[in-house]
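In: generate coordinates for the sequence data below:
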Amino acid sequence: QLQLVESGGGLVQPGGSLRLSCAASGFTLDGYSIGWFRQAPGKEREGVSCVSSSFGVTNYADSVKGRFTISRDNAKNTVYLQMNSLKPEDTAVYYCAAAQRPFCLVATESGYDYWGQGTQVTVSS
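Out: The predicted structure is shown next:
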């Protein structure tokens, strides 16, 4: 069974950090571009960051540039999202998704075939 599992979410104070993990089972992430998306209460899901399968090219939403870093460890079959300088507006359920293509897009969910169940990130004092 092909599955993505997110972990690492939690409650953190503004200015704090979290590292999310996206682990694949049933398939290898090598060859897949991986995206991180988030959905805040009452809002549509939006793209946060992605990393391509080809050359590891990364893209970020403007709202997280300079604060979030995406990386992949194909040996561990895992993609990470390091989130620093967190703000209350980063509060959301974060999802990872996999697309079997060499490039990645953060602005659209189109082409992402597999999705995780999500992990809650809450930024609050």
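In: show the contacting residues for residue 112.
Out: Shown in contact with residue 112 (C-beta atoms under 8 Å, 6 or more residues apart in numbering): 35, 97, 98, 99. For every residue, glycine as well, the C-beta is placed using N, CA and C.
In: find the centremost residue of the chain, please.
Out: Central residue of the chain (C-alpha atoms, centre = their mean): residue 36, 2.4 Å from the mean position.
In: tell me, what's the model's pLDDT at that one?
Out: pLDDT recorded at residue 36 is 98.
In: do residue 87 as well
Out: 98.
In: thinking again about what came up before, report the two of the contacts of residue 112 separated the most.
Out: Spatial extent of the contacts of residue 112 (C-beta to C-beta) is set by the pair 35 and 98 at 7.9 Å.
In: the two: which is more packed in?
Out: Neighbours were counted for residue 35 and for residue 98 using other C-beta atoms under 10 Å; residue 35 has more, 29 against 24.
In: just checking, that one touches residue 99?
Out: Yes. Look at residue 35 against residue 99 with C-beta atoms under 8 Å: they come within range, at 6.9 Å.
In: using the three-state scheme, assign the residue nearest to the centre of the chain.
Out: Secondary structure assignment for residue 36 (DSSP: H, G, I helix; E, B strand; the rest coil): strand.
In: need the contact list for it.
Out: 20, 22, 47-50, 70, 79, 81, 94-97.
In: excluding chain neighbours, give the residue nearest to it in space.
Out: residue 48 (4.4 Å; C-beta to C-beta, 6 or more residues apart in numbering).
In: do residue 97 as well
Out: Nearest residue to residue 97, sequence neighbours excluded (C-beta to C-beta, 6+ apart): residue 112, at 3.7 Å.
In: try residue 86
Out: Residue 86 sits nearest to residue 123 (C-beta to C-beta, 6+ apart), 4.6 Å away.
In: what's the answer for residue 96, then?
Out: Residue 96 sits nearest to residue 22 (C-beta to C-beta, 6+ apart), 3.4 Å away.
In: report how many residues lie close to that neighbour.
Out: Counted with other C-beta under 10 Å, residue 22 comes out at 27.
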